[in-house]
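Q: fold the following, please.
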Amino acid sequence: MTLRRTPLARRRVDPQTVGPVTPTAPLGRRRFAELTGSWRAALRIARRESRRARRRTALVLAMIALPVLVLAFLAASYDMAELTPQERVDRRLGVADAELRWIAETPVVQDEWGDGWYSRDDSQSTSGRPTTAAEVTSMLGPGSRATEIRAGNPVTVRGPRGDETLQGRVLDLADPLARSLVRFRSGRAPQQPGEVAVSPAALRRLDVRLGEAVATADGTRAYTVVGVVEFPDDLGPVVALHPTAVGRADPQTESRWLVDVPGVVDAAMVSRLNDRGVVVAPRHLPASTSSRGWFGYADTTDLSTGVLIAGLGLLEVVLLVGPAFAVGVRRRRRDLALVAVAGGDAAQLRRVVLADGVVLGVLGAAAGLLLGVGAAFAGRPLMEQYVFGVRFGGYRCWPAALIVLGGVAVLAGVLAALAPAWTAARQDVMAGLAGRRTPPRSRARALTLGLALVVGGAALAAFGATRTSPAVILTGLILGELGLVCCTPTLIGALARLGRLLPLAPRIALRDASRNRAAAAPAICAVMAAVASSVALGGYLASDGVRDARAYQPMLPTGHVLIYREEPGRQPEPTAAQVDAAARAQLGATAIAPVLTPRCPAADGPAGYCSVAPELPADRACPWQPGDSLSATQRRQARADPRCRDRATDYYGHYVETIVDDGSALPLLTGADAAATSAAARVLREGGVVVTDPRYLHDGRVTVQVNEVRAGQDETTTTRHDLPGHALPPTVGQPRLLLSASVARQLGLDTVQAGWVVDTPAPPGQRRQDRFANDLRAFGAFSVQVEQGAAPRNDSPLLLLLAAAAGLITVGAAGIATALAAAEGRAELSTLAAVGAAPAVRRLLAICQAGVIAGLGSVLGIVAGLGTAAIVLFSANREYATAWPVREPYPYLVPWPALGVLVLVPVVAMLGAGLFTRARLPIERHLD
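A: Numbers count the residues shown, from 1 in each chain. This next block holds a predicted model:
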C-alpha cells in the first residue's frame, strides 16, 4: 500500500453527534497554525533523533561545520585586515594633522582623500627638486611643524647567508610626528647618519643584536643597529635610516610630509596648497567613506566565478552528507510509517525528514562559526606576520558574511535531506510497519534528465572556453556533474545486475549499493565530482605548461650568463681582467666578452632619450598591428600574409637590441657558429652593420634610425643612415643590431659598458652566482641572468596537491558510505553469521563496499575530468585557429602524476576499510 493523502478530512459527520457550532478562525490563519504546529513537531522529532543517533549526528555536524569553520576564519581575518577609515587615517598620519605631497610646480585638483589628483591646466610638469621643511612650514603659516618621510630606498647589506635587500625608510624617529608611525620594541631612535633602527623581521634575517654593526653590500658604509621598531603597514624586513644618512636629491625616493598646524586643515587651506602643486591628505575624511568602498567596483566575472566555486563546494558537502540522511530515513522507516498511520500526509513526512537537515544545519553552522571566529581571533598574530604582512585593525568578525555562511550551512543541510525526504514520503506504509525494504525503481525520467544535463553542461563549458569565461565554464561543469548525479542510480542498478557473476562478497556489496541507492549514489557522486575537478584542472595545467615551454623564446644560448651592474656610476668600474677571473673561478666560464651599447651624447641625462634601431622596409612591414581590432576577414588575411608570420610571443614590442661589438660578443649572445661569426666580423670591420633578423636587410643595405630627445626639448630628432649590412642565419635570442665602434662614431654615438656575457658549460646554480657577486662586491651590486633553456613548467606539486585533495574526499566518502552500510546491514551480517560464514567475510565485504564507492566514483571522475579538459582545450584551440597574431595551440596531455595518485586512492580506501572493520560477525541475540 502506497501512502496517499489521508481521507480524514473527507469523513462524513453526523449532525446529531456534533455539539453547538463555535466560531472558527479564518482559513488562512488556521492553515498557518497547522503549518507552524507541523514544523514545531517535526523539529522536536528531529532534535530527539539527533540525540538518539549520536554518531551519525556527529558525522553530519563535522562535515557541515568544517567548511563553515574555514570560511568563517577567512571572513573574520579579512574583516580585521580591512582597516576602517579612521584606522587608515591613524596609520597613515599618526598624530599629524595632514600629509602633504609636493606633486607639481603647477596647480592641481585632488579628491577629498588626497589619493587621486590631476593637473589643473593639463600640463605634465612634475616637481623634480627636493623640498625643505622651511618651504613647507612657510606655506602652512606660523606655529606649524613638518617632518619628512621618504620611502623607496632599498638597502642591500651583508647578512650571514649572503646579501640581503631591505626596504629602507628615511625618517627622524626622534620627532613625535614620525615616531607615531612606528612601535618601538627596544632601543632608541637613530640620531646620526651611521645609526639605524630595524624591524623584527630584519633583525632575524641579519642575525644581529642591538649595538652591532651591519655593512652594506659594496662595503662602503656600516650602520650600527640602535633600535628595533615595527612599522604596522609593513611587517617585512625594513630599516629606518636617519635623514642625514641618505642624499635628498635621489629622484627614485617617494617623499611626503607630516604636518602639525595650530588650527584645522580646512577646505581653504587645501585649495591654497593645491594652487602650489601640493596634494593634501587631511585627517578629517568625508562621512561617506566606506571600509569596503572598492567592493562595488569589483570585477563581476571574478565575483560570479567565486560564487560558482562556492556552489561546487556546497554541492560537494550535500553529496557527502546525503548518505547519512538516507541511512537515517531507512532506520526510521517504521517511525515514519506510524506517523502516516496516525494521519500524517506526505507533506508532513517530508517536513519530519527536512527538519533533520534544519536542526543539524543550524548546529553545524553555529559550531563552525564559533570555532572559525575563535580561531581567527587566536591566530591573528600569525596571519598578520606570515600572510598579510601588516597589522590588523580591531577585532571584528564581519557579521553580514557570517550570517550568509550560516544560511548556506542550513541550506546545505536541507538540500542534503531533500532527496531522502521525498523518498520517505513515497514509501509503502505496510512495508514500513513490517520492517521490509521497498526495492527502488529506476526512473527513466531521471536518466533522461541526467543525459540532457551532461550534454548541455559539456556544450556550455565548451562555449565558455571559446569566450574565455571561467564563470560559464564552471556553470557547465556544475550542470554536467548534476547530470552525472542523476545518471548514477541507473548505473548502479546496471552494475548490480552484472554482479551475479561475481563471488559472494562483491555480489553482496553491489546488491547493497543497488538497494541503498539513496546512500550510495551521493557518495559515488561526491567522489566523482572531486576527482573530475582535479583531473580537469590537472589536464589543463599540464597542457598549459607544455604550451608555454613551446612558446618560450630564449634570450641567450642555454647555459650562457648575462651580467650587468644594478647601479652603474656609483662605484668604480671593474676591469675586464677582474670580471674574467671572478667568472672563471665561480661560474666556470670558458669565454667572456663585454656588452657595449650606444648612447647619444646630446640626449644624455634623466630628461633625455635616445634609441638606435634598424628600420624595416615599407614593403616588408605587416600592415596590421597586434593591438588593432581586426575583423574575421582581416585576421585570415593577416595569417596568410608572409609579412605577418610572427607569433603572438614575438610581439613583445618588436624591440631590437642594439650593441657595439667587433664580433667577440656575437657568438656568446646569439650562438652563431664560427663561419657566421667570421663573416659578420668582416662586415663590421669594413664599416657595415649586422642584423640577426633578415627582414631588415634590403639589397645588401640596412637603414639605421637614430631617435633622440634632448634635455629641455619636446621634439624628437630622427636621422636615418643607409649602411652596408649583413644578416646572420637564424640565431638564438631577440632581434639584434650590431655596430662596430667606427660605425658608432660615424653616427655620432658614444659607447657605454652595459655588462658582460659569459659562456659556461652548464647553467650555474644560485650559490655559484652568489659567490661571483661576492667576489665583485667592492664594485657594487651585480645582477646575474642565467639562460636555463626552454623547460616545461613544473606543475607536479600543484597536480599532486589537487590529487591529494580529491583522494582525501574519496577516502572520506568511501569510509562514510562503508560505515553507514555496515550500520544499516547489521541484520544481514547476523544472518551470515547464523549460516556459518567466516569472520573474514565481513572484512572482505567492507573492502568490496569501499571499492564500489571509491572505484566507481574514481572511474567516473577520471572519465569526466579528461572529457572536460579535452572540451576546454579543443574549444580554446578552435579560437586560436582564427586568431592573429598566431598563438601556440594547447596540446592534449594526460596529467599522469595526478592519475597515478587517483588510481591508488581506491586501493587505499579499500585497505583502510579492511583494516578498521571488525572481523567478528554480530550474533542475533546481541541485536535484541
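Q: pLDDT weak spots in the stretch 451-600 of the chain?
A: 465-470, 518-519, 567-571 (pLDDT under 70).
Q: which parts of it are strands?
A: For the stretch 451-600 of the chain, the strands defined by DSSP state E, counting those that start in this stretch occupy 561-565, 591-599.
Q: for those, which one sits closest to Thr818?
A: Of all those, strand 561-565 sits nearest to Thr818, with 58.2 Å by CB to CB. C-betas here are computed from N, CA, C, even on glycine.
Q: direction included, what does the closest one pair against?
A: strand 750-759 (antiparallel), strand 782-786 (antiparallel) (DSSP bridges).
Q: which other residues reach the longest one?
A: Contacts of strand 750-759 with the rest of the structure, by CB atoms under 8 Å, 6 or more residues apart in numbering, involve 556-557, 559-565, 568, 573, 579, 583, 587, 589-601, 659-660, 665, 668-669, 741, 744.
Q: of the residues you listed, just the buried ones, PyMOL syntax please.
A: Selection of buried members from the contacts of strand 750-759 for PyMOL, criterion 16 or more other CB atoms under 10 Å:
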select buried, resi 556+557+559+560+561+562+563+565+579+583+587+589+591+592+593+594+595+596+597+598+599+600+659+660+665+668+669+744
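Q: which of the strands of the stretch 451-600 of the chain sits closest to Ala909?
A: Set against Ala909 and scored by CB to CB, these come closest in strand 561-565, at 50.4 Å.
Q: Met61 reaches Leu363, doesn't it?
A: Actually, residue 61 is Leu rather than Met. Yes. Look at Leu61 against Leu363 with CB atoms under 8 Å: they come within range, at 5.7 Å.
Q: so who does the nearest residue to Leu856 once chain neighbours are set aside touch?
A: Nearest non-adjacent residue to Leu856, counting by CB to CB, 6 or more residues apart in numbering: Ile524, 5.3 Å away. Neighbouring residues of Ile524 by CB under 8 Å, 6+ apart: 488, 492, 813, 852-853, 856-857, 860.
Q: which of those residues lies closest to Ile403?
A: Ala813 (29.5 Å).
Q: and of the strands paired with strand 561-565, who's closest to Gly194?
A: Minimum separation from Gly194 across the strands paired with strand 561-565 (CB to CB) falls at strand 782-786, 25.5 Å.
Q: could you export that closest one as CSV, CA atoms only?
A: C-alpha atoms of strand 782-786 as CSV (Å, rounded to 0.1, in the frame of the first residue of the first chain):
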residue,chain,number,x,y,z
PHE,A,782,75.6,42.8,-9.8
SER,A,783,72.6,41.1,-11.4
VAL,A,784,73.2,37.7,-12.9
GLN,A,785,70.8,36.3,-15.5
VAL,A,786,71.2,32.7,-16.4
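Q: which pLDDT does the model give Thr703?
A: We have a pLDDT of 86 for Thr703.
Q: what about it, neighbour count?
A: 17 (other CB atoms under 10 Å).
Q: that one should be in a helix, yeah?
A: No. Judged by DSSP: H, G, I helix; E, B strand; the rest coil, Thr703 forms no part of a helix; its state is strand.
Q: any idea how far the residue nearest to it when sequence neighbours are not counted is from Tyr696?
A: The shortest distance from Thr703 to any non-neighbouring residue, by CB to CB, 6+ apart, is to Glu615 (4.2 Å). Distance of Glu615 to Tyr696, computed by CB to CB, to the nearest Å: 8 Å.
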